[in-house]
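*Asks:* output the structure for:
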Amino acid sequence: MARKSVDQAQPQFDITYREIQSFGTLKTLPIALADNARKQSVTILNQLLADTMTLRDLYKKHHWQMSGVTFYQLHLLLDTHYEAQAELVDLIAERIMALGGISIAMAPDVAEMTKIPCPPKGREDVPSQLARLLEAHEIILRQAHDGAEAADEAGDDGTNDMLVSNIIRTNEPQVWFIAEHLAETALLRDAK
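*Replies:* Numbers count the residues shown, from 1 in each chain. Below is the predicted model of the structure:
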């Protein structure tokens, strides 16, 4: 029996990096869905992924920078919404991969692709923070509705179902919860 060299235990970290699938290409998978339908869904989903990643990060930014009389409640709410958006990010990315595509993943790619306006680096007041979140949700919901219709027409039931059952059904109640904080109601009433 030959003795193994001690050098075999040494990690080899001088590796030549190589890409095994180019962004924008599809690998063949036996999922009974035409290539044109898969390509269309991957394109739609990558845009939705970029915007959902941006919304997720907006939630965390505003969670950290929240202030005012409702600080505690909004701080907790925004973190809860952040967690839900993080789950959607994973769901969308995995759907893209299941279709044979490549999901975007890195911050520079997200920044390049997102349709959601970038907030300032500084801290904004609460109404501005909440309005930004609502604007981002509306962008995502429009895409989800259009994407669900396109997926339905292309026969991509899996993408259609995900867009309706997960993306729309998560974002709509989040819009409601955030929008209600912008109603002009007083915390106290004058005693009569």
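*Asks:* can you spell out which helices and strands pack onto the helix or strand hosting L58?
*Replies:* Of the helices and strands defined by DSSP states H and E, L58 is found in helix 35-65. Here helix 35-65 is seen to pack against helix 71-98, helix 107-113, helix 126-154, helix 157-162 when contacts are counted using 3 or more CB pairs under 8 Å, 6 or more residues apart in numbering; DSSP states H and E. (Each C-beta comes from the backbone N, C-alpha and C, glycine too.)
*Asks:* ok, residues contacting the shortest one?
*Replies:* The reference is to helix 157-162. The contact list for helix 157-162 (CB atoms under 8 Å, 6 or more residues apart in numbering) reads 33, 41, 44-45, 91-92, 95, 98-99, 147-148, 151-152.
*Asks:* for E172, state which of the residues you listed is nearest.
*Replies:* Nearest to E172 among these, counting by CB to CB, is A148 at 13.0 Å.
*Asks:* pLDDT below threshold where in the chain?
*Replies:* Low-confidence segments of the chain, defined by pLDDT under 70: 1-6, 187-189, 191-192.
*Asks:* stretch 42-51: how far from the chain's middle?
*Replies:* Relative to the chain's own centre, stretch 42-51 is displaced by 8 Å; criterion: CA atoms, centre = their mean, to the nearest Å.
*Asks:* contacts only, for V89.
*Replies:* Residues near V89 by CB under 8 Å, 6+ apart: 49, 52-53, 56.
*Asks:* and stretch 119-134, how far out from the chain's middle?
*Replies:* A distance of 18 Å separates the centroid of the chain from that of stretch 119-134, by CA atoms, centre = their mean.
*Asks:* can I get that stretch in PDB, CA atoms only?
*Replies:* Output of stretch 119-134 as PDB, limited to C-alpha atoms (Å, rounded to 0.1, in the frame of the first residue of the first chain):
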ATOM      1  CA  PRO A 119     -32.000  56.700  -1.800                       C
ATOM      2  CA  PRO A 120     -29.400  59.100  -0.500                       C
ATOM      3  CA  LYS A 121     -26.700  57.700   1.700                       C
ATOM      4  CA  GLY A 122     -27.900  60.000   4.500                       C
ATOM      5  CA  ARG A 123     -30.900  59.500   6.800                       C
ATOM      6  CA  GLU A 124     -34.400  60.600   5.600                       C
ATOM      7  CA  ASP A 125     -37.400  61.500   7.700                       C
ATOM      8  CA  VAL A 126     -40.000  58.800   8.300                       C
ATOM      9  CA  PRO A 127     -42.600  59.800   5.600                       C
ATOM     10  CA  SER A 128     -39.800  59.800   3.000                       C
ATOM     11  CA  GLN A 129     -38.600  56.400   4.100                       C
ATOM     12  CA  LEU A 130     -42.100  54.900   4.000                       C
ATOM     13  CA  ALA A 131     -42.900  56.600   0.600                       C
ATOM     14  CA  ARG A 132     -39.700  55.100  -0.900                       C
ATOM     15  CA  LEU A 133     -40.800  51.600   0.300                       C
ATOM     16  CA  LEU A 134     -44.200  52.100  -1.200                       C
END
